[in-house]
Structures are given as C-alpha cells and as structure tokens.
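>>> pasting the structure only:
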C-alpha cells in the first residue's frame, strides 16, 4: 500500500514481530497480507487527511481477505500490551461480532465531563473480531 507520505509495512519489521510471537509460543503465527489493490479500488474517505494513517483503515477490508481467520485480534501499532491477554482473546464470541475495551480518554470524557451521555467510548485500536459473524451480517461494507 502506498498513500501520500506512507510506505508499506516492511519485511524486516514483520520478521521481528513473527520472531517475537514464536518465542512466546511456537504455535503463534503471523502473516503479512498486501491490501494495496483493495485499498486502491475502494479508498476510505474518512480520516485520509487527518493525523490517522491509512493503516488504521485497513481493518475495514478484513472481510474481503480469505486469509483472515474467523477470530482475529486487531491492535493499533501504538497499543502496549502489559499483561497476558489470553482470557480476552479466548472469550466466547457466540453471536457476538466484536469485543473491545473502553477508551481511557473516552471514558473520562463521557463519564466526568458529559455526564448526561449514557454511553461508553470503545477504543477502536483494540478489537477482538468474530469474522464469521461480521461476514454473515455484512457489517464492514456498511
């Protein structure tokens, strides 16, 4: 993928991530998937001129990639994982499309400043996706 000012994720960085995953658990896997053509065919309109990189939009193509398994954990590149997330990853996803975590600043904003708002703000950088349910209901194209 190439967008103004951005280059594709490089093989060296991928190899390091793959190595670290295998060190943690030999059963862990990683695959580098080229989404360039999907991105060019249907470039996202939102956030392309903001501080958010085009890479943050790539999760919206997950349903179009046959290599993507039924359960994936999407993490933005600025997420720091401080403890084991096995329980989060392995939770029951029956009839659930996605699971997320509360956004720290969103929680503060909606619970402390705008107390009349009765909802929480999901951190879109940490998503456990049930791709089978997402595909069944055709959510991503919407």
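Yep, that arrived. Owing to the predicted nature of the structure, the values given are computational and were not obtained by experimental measurement.
>>> domains for the chain, by residue range?
Domains of the chain are assigned by automatic domain parsing as 1-68, 70-142.
>>> now tabulate those domains in TSV and tack on mean pLDDT.
As requested, the domains of the chain are exported to TSV (pLDDT from 0 to 100):
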stretch	mean pLDDT
domain 1-68	81
domain 70-142	84
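>>> quick one: the strands in the protein?
Assigned strands in the chain, in chain order: 71-75, 98-102, 122-130 (criterion: DSSP state E).
>>> so which of those is the most surrounded?
strand 122-130 (a mean of 18; mean count of other Cβ atoms under 10 Å). Every C-beta, even on glycine, is put in place using the N, C-alpha and C of the backbone.
>>> in its sheet, which strands sit next to it, and in what direction?
Note on strand 122-130: by DSSP bridges, its sheet partners are strand 71-75 (antiparallel), strand 98-102 (antiparallel).
>>> which one, of those, ends up nearest to residue 90?
Evaluated with Cβ to Cβ, the strands paired with strand 122-130 place strand 71-75 nearest to residue 90, the distance being 8.9 Å.
>>> and that closest one, how far from the chain's centre?
Relative to the chain's own centre, strand 71-75 is displaced by 6 Å; criterion: Cα atoms, centre = their mean, to the nearest Å.
>>> how near is residue 85 to residue 35?
To residue 35, residue 85 is 24 Å away according to Cβ to Cβ, to the nearest Å.
>>> kindly report the same for residue 29.
Taking Cβ to Cβ as the measure, residue 29 falls 18 Å from residue 35.
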